[in-house]
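1. below are the sequence and a predicted model; questions follow.
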Amino acid sequence: MLDEAMKVGHKVIKEAKKKGMDEIELFITYNNQKQVIINGVSIGTQRARSEIGAGIRVIHKGAEGFSYTNIMTLESLNKVAAEAFSVAKLSPKIEGLALATKKPFEKINGTYSEDIADLEADALTKDALDFIAGYTSIDDRIKTVLSSITVNVSQTAILNSNGVELERKAANYQGDLLCIASDKDKAGGYVFDNLFSRKHDLDLKTAGEKLGKRALDGFKQETISAFEGSVIFKAQAMSNPVTIVSSLAASGDWRQRGISFWKDKLADKVADEKFQLVDKPHNLDGGGGVKPFDDEGSPTNELEIVKDGVLQTFMHNVRTANKENLESTGNATRAFGPPPNFSQKPTNILPNSPWILAGDMSEEEMIQETKKGIIIHNYQGTVRYQNGIFSGVAKGAQLIENGEIVKPVTGISISGNVFELINNISGIGKEYHLAGGWLTTPFMRFENIKISTK
């Protein structure tokens, strides 16, 4: 799909050099998405969409310009390059600014599957019907609300005037599932799940049954009194706020801007020694961030960010690395999560495929060792990413007393500070779970969290 676009891209780079541009980069993406929306107990919508486009960065005299288009003709791309050039000439100089240079990278096999890419809407519809059969088999009061089953296929190419010429392909299958149990008199809370695979191998009927049981538990929700105690974060809750806050604190850009909570903590203890945060962009057991090069064209590598509670490194893109005479760690990102986005510059710095390393406790052991606390499936609320303070609603909460789950609870709010949480870890699960198609994590138990009620 990108072959012709790349041929045109080379002509654009050649023309840019004639016009006096110091450096130019084309980030070209093709995204194809097939999706089935499920609402209530029936198929709502089937849709398919595809788009190809290019974002063009020009660096001139240390300043940057950017523009983009989804019209992939030579005339259009030359026009976009000229627009970016004009912006660069009017922009201030940025220290360390440069494009990636050509470097060897490790090829990754398995991110793309023809079996996934060739799936038709009929196959997704069958899976959707299996999901419906799963939760309706539990109770006819259970419904779904705008759940979706999606196949994402993407191709990415990066070309620049430094000789970088890279391509990657990815295909994945994802289910974003939501259920609620309700009747004329009452309704439970929404329950969520997210499924991700690089194969067409997910059991949607079983997923529907599990989610249906959780939704039905919503009818049994009770209110409780406020207390301070243990909270077990399941996978979705581990993504935000814990992992996002920790990742931004380890951003080289945030450090250089002086807003990272860990700005002066390199090689210092920042967390409990059981806390390990690693970027594993070559491990196919991870999510959608598995890739051989980042969104600038720098090679990705396994990167220990926090090891035994000690901050090992800050993540860098080309610009932030240049400012410290370092090499990019391959963590330049244009958008949070897939699919690749040609309309954004690679200004973000995040783990490609973050892992929080597992511990040695089963979920049952974690519960049995909890005197009083709650389990939460999801967190929704505010997060102050610079200082780690969070406050919001605990979704899918269950009360634990004396080592047993006693009941589902409602009206639960939690608050605390992520940087204090990761220094108050009392248990780490031994099984991995994928959250949001991005984070690979075990369940974790934290202490001294304020649990509020309505």
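-> Nice, thanks for sending it over. Residues are numbered from 1 along each chain as shown.
2. just the strands in the stretch 201-350 of the chain please.
-> In the stretch 201-350 of the chain, strands defined by DSSP state E, counting those that start in this stretch lie at 227-233, 277-279, 303-307, 310-311, 332-333, 348-349, listed in chain order.
3. now the stretch 51-200 of the chain
-> Going by DSSP E, counting those that start in this stretch, the stretch 51-200 of the chain shows strands at 63-69, 142-160, 165-181, 191-197.
4. and the longest one, how far out from the chain's middle?
-> The chain centroid and the centroid of strand 142-160 are separated by 13 Å, computed with CA atoms, centre = their mean, to the nearest Å.
5. mean pLDDT, distance to Glu431 and mean neighbour count for the strands of the stretch 51-200 of the chain - can I get that in a markdown table?
-> Placement of C-beta: from N, CA and C, glycine included. Compiled in a markdown table, those are given as follows (pLDDT from 0 to 100; distance: least, CB to CB, whole Å; neighbours: other CB atoms under 10 Å):
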| stretch | mean pLDDT | distance to Glu431 | mean neighbour count |
| --- | --- | --- | --- |
| strand 63-69 | 98 | 42 | 20 |
| strand 142-160 | 96 | 25 | 22 |
| strand 165-181 | 96 | 20 | 21 |
| strand 191-197 | 93 | 16 | 19 |
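6. of those strands, which is nearest Lys14?
-> Between Lys14 and the strands of the stretch 51-200 of the chain, the shortest separation by CB to CB is 11.0 Å, and it involves strand 142-160.
7. the closest one vs strand 165-181, what angle?
-> Relative orientation of strand 142-160 and strand 165-181, computed by axes from the mean of the first three to the mean of the last three CA atoms, to 10 degrees: 170 degrees.
8. ok, back up a step: rebuild the strands of the stretch 201-350 of the chain as JSON lines, extending it with mean pLDDT.
-> What follows is the strands of the stretch 201-350 of the chain, written out as JSON lines (pLDDT from 0 to 100):
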{"stretch": "strand 227-233", "mean pLDDT": "95"}
{"stretch": "strand 277-279", "mean pLDDT": "98"}
{"stretch": "strand 303-307", "mean pLDDT": "98"}
{"stretch": "strand 310-311", "mean pLDDT": "98"}
{"stretch": "strand 332-333", "mean pLDDT": "97"}
{"stretch": "strand 348-349", "mean pLDDT": "95"}
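9. adding distance to Ala128 and mean neighbour count, write the ones you listed out as TSV.
-> Putting the strands of the stretch 201-350 of the chain into TSV (distance: least, CB to CB, whole Å; neighbours: other CB atoms under 10 Å) gives the following:
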stretch	distance to Ala128	mean neighbour count
strand 227-233	30	21
strand 277-279	34	24
strand 303-307	38	20
strand 310-311	44	19
strand 332-333	31	26
strand 348-349	33	21
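10. how about those strands, which one is nearest Asp130?
-> Among these, strand 227-233 comes nearest to Asp130, with 29.4 Å by CB to CB.
11. gap between the closest one and the chain center?
-> 25 Å.
12. other SSEs contacting that strand?
-> With contacts taken as 3 or more CB pairs under 8 Å, 6 or more residues apart in numbering; DSSP states H and E, strand 227-233 sits against strand 372-376, strand 444-453.
13. circling back to that earlier point, reformat the strands of the stretch 201-350 of the chain as CSV; add distance to Met366.
-> Below are those laid out as CSV (distance: least, CB to CB, whole Å):
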stretch, distance to Met366
strand 227-233, 6
strand 277-279, 20
strand 303-307, 21
strand 310-311, 25
strand 332-333, 32
strand 348-349, 33
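14. closest to Arg57 out of the ones you listed?
-> Comparing the strands of the stretch 201-350 of the chain by CB to CB, strand 332-333 comes nearest, at 11.4 Å.
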